[in-house]
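>>> fold the stuff below for me.
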Amino acid sequence: MIEEDFRAAAVRVLELCRTRKLKLATAESCTGGLIAAALTEISGSSDVLERGWVTYSNAAKEQDLGVPAGTLSCFGAVSAEVARAMAEGAIKRSGADLALAVTGIAGPKGGTVDKPIGLVHIAASGPRGTLTRELHLGDIGRSEVRRQSVLAAFALLIQLAGAS
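Take a look at the predicted model:
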């Protein structure tokens, strides 16, 4: 069972996509499939959700989504550039109209001075281009970083799709 804020955001995304006849793909790293899970918790989501990837490793990002190795080595997996490449790769590999991608450091380990726990990059891509957003959530706990990342991803997708 998903939390009510997840449900409301997922319903809004699904309704927006249905109204505009858009298919959606997801490419997730630190959220580990939570975006797809929130969407598929809603009955009838299969008419919108085309497919989703959990690309936790750099190899998966490269192999499954076509993220260039040079982008990963230059900017690191947790970067706007990689989030953008994940979203754009998800569209290319799925044929969907829209894609959401998330990469970040949920903690409690893995943070550095330059990339602390709670740093998350989100990208939403579609016919109108690609939007990215950087979150600095802090060390608020792994579950909360992941939860807030999903909600921010849905908000970015709604923004990209042109909803008010």
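>>> who does the residue nearest the centre of the chain bridge with?
Compute the mean C-alpha point of the chain, and by CA atoms, centre = their mean the closest residue is residue 101, 2.8 Å away. Counting by DSSP bridges, residue 101 forms beta bridges with residue 27, residue 123.
>>> I'd like the distance between residue 82 and residue 104.
From residue 82 over to residue 104 the distance is 10 Å, taken as CB to CB, to the nearest Å. The C-beta positions use only the backbone N, C-alpha and C, and glycine is treated the same way.
>>> mutual contacts of these two, please.
Shared contacts of residue 82 and residue 104 (CB atoms under 8 Å, 6 or more residues apart in numbering): residue 121.
>>> in stretch 34-44, what counts as buried?
34, 35, 36, 37, 38, 39, 42 (16 or more other CB atoms under 10 Å).
>>> got a list of contacts for it?
For stretch 34-44, contacts defined as CB under 8 Å, 6+ apart pick out 1-2, 6-7, 9-11, 13-14, 24, 26, 28, 45-46, 48-49, 52, 100, 102, 146-147, 149-150, 153-154.
>>> chain center to the helix or strand residue 99 falls within, what's the gap?
In this assignment (DSSP states H and E), residue 99 forms part of strand 98-104. In terms of CA atoms, centre = their mean, to the nearest Å, the centre of strand 98-104 is set 2 Å apart from its chain centre.
>>> for that strand, the averaged confidence score.
For strand 98-104, mean pLDDT rounds to 98.
>>> cool, stretch 44-62 as well?
Averaging pLDDT along stretch 44-62 yields 98.
>>> quick check: closest non-adjacent residue to residue 128.
Spatial nearest neighbour of residue 128, chain neighbours left out: residue 160 (6.2 Å); criterion: CB to CB, 6 or more residues apart in numbering.
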